[in-house]
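J.: here is my input, please return the structure:
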Amino acid sequence: MHIYKFFTLLLCLMVVSCSIPKPLIERIKEEGQLIVVTRLSPTTYFKEKEEIRGLEYELVEQFAEELGVKVKYIIPESFDQILPTITRNEAHFAAAALSVTKAREVAVRFTPEYQTVSAQLVYKAGKRRPKKITDTIDGALEVLAGSSHEELLNQLKKEHPELNWSALQSVESAELLNLVNEELIDYTIANSNEVSLARRFHPELKVAFELGEEQSLAWAFPHAEDNSLYKAAKTFINKIKDDGSLEQMLERYYGYVEKLGFVDNRTFARHLVQRLPPLIPFFKQASETTGIDWQLLAAIGYQESHWNPDAVSPTGVKGIMMLTTATAKQMNVEDRTDIEESISGGARYLRRMRRKLPERIQEPDRTWMALASYNVGLGHLEDARILTQRNNGDPDKWSDVKQHLPLLAQKKYYKTVKHGFARGKEPVHYVDNIRSYYDLLVWHNKKQKKKKTEAIISTMPAVL
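T.: Residues are numbered from 1 along each chain as shown. Below you'll find the model as predicted:
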C-alpha cells in the first residue's frame, strides 16, 4: 500500500513538473529571437546610409547581445497601437521612447528610466507666442493619438473645458513638428528630446513653454507572472547607467544638438546655397582619396572658414580648411588658398590623425577624437585622455574625454601632463559644431535627392 502511494505521488510530481513552462527568458534564448515593438523616429529607430540607428535600437541590440539572441522589430502603423501590441502579448516589450504615466502603468509595467524629458508646446517664430495652454484655443493644435501629450491635454481639459485639439494617427512627432514649421498647423506638443533634434533642421521652431513635470522614458512590459525577461531588462538598464555606457549613448545622439543658435542655422542655410555647390567636386574628390565622407569634410570646411577660400585667421591659418604653415608643409600643400590643395590637405591630415589613434578606439568615437586632434593637436588630446583615465573615465570614449579637455586650461591639471596648457573648450565646441553641420548637410542632401526623384517621376509619361 505504501509503495502504491509512493509511486502515485512520484507520478503526480512528474506530471506537475512537466506542466510548468520554462521561464520566458530561457525560451527566448532557445528560440534565439527577441520580439520588440518600436516606432520610426529620430529618437528611437531610423535608417541612415542603409544602416539602422537610433537610441532605442542601440539599447535593444546591446540587451539582445547580452542574451545571445537576435531581434525582430515590429513597427505599428500608428503610435496608439504600441501599448496594445504589448498587452496582446504580440511582442516581448516596447522600446519606443514611452513616457511613464500613471494611466500607462495600469496597462503595462516599466523598467527603470533611461532618460528624462519634458513636454513642450511648440510654435513657429514670427507667430504670436502662447503664454499658457488656453492661448492655443483659437489655433490648430495637433498631437499624437495615444501619446502622453494627449493624456496631459485630457487632464488640462478638466480645468479648461474650452480646450480643443486634434489627435492624429499614422503620424510621428517629427511630422507634426514639420507641419508647424510649414505653417500647416499652429502648435504641437512634443518631448524635449524630439524638439531638440527637430530644431537642427527647422531653427524657426520655438518652445513656448513646458507642460507638466519632467517625465521618465522607459521600456514597457506586459503584466505577467513570469517576470524573468523583465528582471533581466531591469538589471541591464541599471548596469548601463552605472558603468557609464548609457551616458555615452545619450551623448552620441543628443550631446551636440543644441550647440548652434538660430543665427548660426540661418547663416549655414544661406551658405549652403551660395557657397557650397562649386566646392562639392573638391570635397568628393578628397573623399575618394581618403575614404572620408565628403559631407564630413564639407562640415569641417564650414566650421573652419564658412567655405571661404580666402579666409585668413589672426594666427595666420588660411584657406577652406584653415591649415597652419606646419600642417600644410606636412601635407605637401604649396598654396593654402588653393581650394583643391586645401581640401585635399585637410582631408589627408584628418586621415593621419585618425590613423595615429590607438586601434582599440571604435567609431564614431574615433572620428570625433580625430577631429579634436585636428583642432587642438594629438598631444593635447592624449593629455585629456590621460586625465580621463585618472578620473576613472573611459579614455577611448569621446563622451568622457570631452569632459576632460576643458581641464587643460586649468593650471592644476595641465601642469601634470606632458603638453601643458590648451584652450580645451575649443575642440569640444569644434567637434559639436561639425557634428551639427554634418547632420544638416546629410538632411539637406536627402531632401534635395527626394525633390529630384519626385521631379523625374512627375515628368514621366503615364502608363495606360
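J.: residues near residue 244, how many?
T.: 15 (other CB atoms under 10 Å). No exception for glycine: its C-beta is placed from N, CA and C like everyone else's.
J.: just give the nearest non-adjacent residue to it, would you?
T.: residue 394 (6.7 Å; CB to CB, 6 or more residues apart in numbering).
J.: residue closest to the middle of the chain?
T.: residue 253 (2.6 Å; CA atoms, centre = their mean).
J.: do I have it right that that one meets residue 56?
T.: No: between residue 253 and residue 56 there is no contact under CB atoms under 8 Å: 10.1 Å.
J.: show me what counts as buried in the longest helix seen in the chain.
T.: Counting by DSSP state H, the longest helix found in the chain is helix 425-459. Neighbour-count burial for helix 425-459 flags 427-428, 430-442, 444 (criterion: 16 or more other CB atoms under 10 Å).
J.: by contact count, what packs against that helix?
T.: If contacts are counted by 3 or more CB pairs under 8 Å, 6 or more residues apart in numbering; DSSP states H and E, helix 425-459 sits against helix 192-201, helix 262-274, helix 294-305, helix 365-376, helix 398-404.
J.: and the ones you listed, which one is worst for confidence?
T.: If the helices and strands packed on helix 425-459 are sorted by mean pLDDT, helix 262-274 sits at the bottom with a mean of 79.
J.: show the average pLDDT along the next helix or strand after that one.
T.: Using DSSP states H and E, the next helix or strand after helix 262-274 towards the C-terminus is helix 280-290. Mean per-residue pLDDT for helix 280-290: 96.
J.: same check, this time on stretch 321-334
T.: Mean predicted lDDT for stretch 321-334 stands at 91.
J.: what does stretch 412-421 give?
T.: pLDDT averaged over stretch 412-421 gives 90.
J.: swap in stretch 87-99?
T.: pLDDT averaged over stretch 87-99 gives 95.
J.: how far does that stretch sit from the chain's center?
T.: Centroid separation between stretch 87-99 and its chain, computed with CA atoms, centre = their mean, to the nearest Å, is 20 Å.
J.: end to end on that stretch, go ahead and measure it.
T.: In stretch 87-99, first residue to last residue: 17 Å (CA to CA, to the nearest Å).
J.: do the same with stretch 76-94
T.: Where stretch 76-94 begins and where it ends lie 11 Å apart, using CA to CA.
J.: neighbours of residue 30, how many?
T.: So residue 30, with other CB under 10 Å, has 10 neighbours.
J.: just checking, what packs against the host helix or strand of it?
T.: Using DSSP H and E, residue 30 falls within helix 24-31. With contacts taken as 3+ CB pairs under 8 Å, 6+ apart, helix 24-31 sits against helix 55-67, helix 228-242.
J.: of those helices, which is nearest residue 183?
T.: Closest to residue 183 of those is helix 55-67 (CB to CB; 29.9 Å).
J.: show me what counts as buried in that closest one.
T.: So, applying 16+ other CB under 10 Å, buried residues of helix 55-67: 55-60, 63-64, 67.
J.: now do the SS call for residue 420.
T.: Look at residue 420: counting by DSSP: H, G, I helix; E, B strand; the rest coil, its state is coil.
J.: ok, the spatially closest residue to it that is not a sequence neighbour - how many residues close by?
T.: Leaving aside its sequence neighbours, residue 420 sits nearest to residue 414 (CB to CB, 6+ apart; 5.2 Å). Burial measure for residue 414: 19 neighbouring residues, criterion other CB under 10 Å.
J.: residues contacting residue 414?
T.: Going by CB atoms under 8 Å, 6 or more residues apart in numbering, residue 414 touches 383, 407-408, 420-422.
J.: again, 10 Å this time
T.: With contacts defined as CB atoms under 10 Å, 6 or more residues apart in numbering, the neighbours of residue 414 are 380, 383, 387, 407-408, 420-422, 424.
J.: and the residues you listed, which are buried?
T.: 380, 383, 387, 407-408, 422, 424.
J.: of those residues, which belong to helices?
T.: Using DSSP H, the buried ones among the contacts of residue 414 in helices are 380, 383, 387.
J.: in CSV, list the residues you listed along with pLDDT.
T.: Shown next, in CSV, are these (pLDDT from 0 to 100):
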residue, pLDDT
380, 93
383, 94
387, 96
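J.: nearest to residue 224 among those residues?
T.: Using CB to CB, those come closest to residue 224 at residue 387, 47.4 Å.
J.: the closest one contacts residue 415, doesn't it?
T.: No: taking CB atoms under 10 Å as the definition, residue 387 is not a contact partner of residue 415, at 11.7 Å.
J.: residue contacts, the residue nearest to residue 445 when sequence neighbours are not counted?
T.: The spatial neighbour of residue 445 that comes closest, neighbours along the chain excluded (CB to CB, 6+ apart), is residue 295 at 6.9 Å. Residue 295 is in contact with 280, 283-284, 287, 437-442, 444-445, counting by CB under 10 Å, 6+ apart.
J.: with the buried ones among the contacts of residue 414 in mind, which one is nearest to residue 175?
T.: Distances from residue 175 to those, taken by CB to CB, are shortest for residue 424, at 39.9 Å.
J.: please name the residues that touch that closest one.
T.: 372, 376, 380-381, 383-384, 387, 402-410, 413-414.
J.: 6 Å - rerun?
T.: 405-406, 408-409 (CB atoms under 6 Å, 6 or more residues apart in numbering).
J.: what of residue 403?
T.: Taking CB under 6 Å, 6+ apart as the definition, residue 403 has no contacts.
J.: ok, now residue 328?
T.: residue 336.
J.: surely it forms part of a helix?
T.: Yes: assessed by three-state DSSP, residue 328 belongs to a helix.
J.: please renumber the chain so that the first residue is 281 from this point on.
T.: From this message on, residue numbering opens at 281, which makes the last subject residue 608.
J.: distance of it relative to residue 615?
T.: From residue 608 across to residue 615, the span is 9 Å (CB to CB, to the nearest Å).
J.: re earlier: just the buried residues of the following helix or strand past the helix holding residue 310, please?
T.: Remark: after helix 304-311, the chain's next helix or strand is strand 313-317, criterion DSSP H and E. Using 16+ other CB under 10 Å as the test for burial, strand 313-317 gives 314-317.
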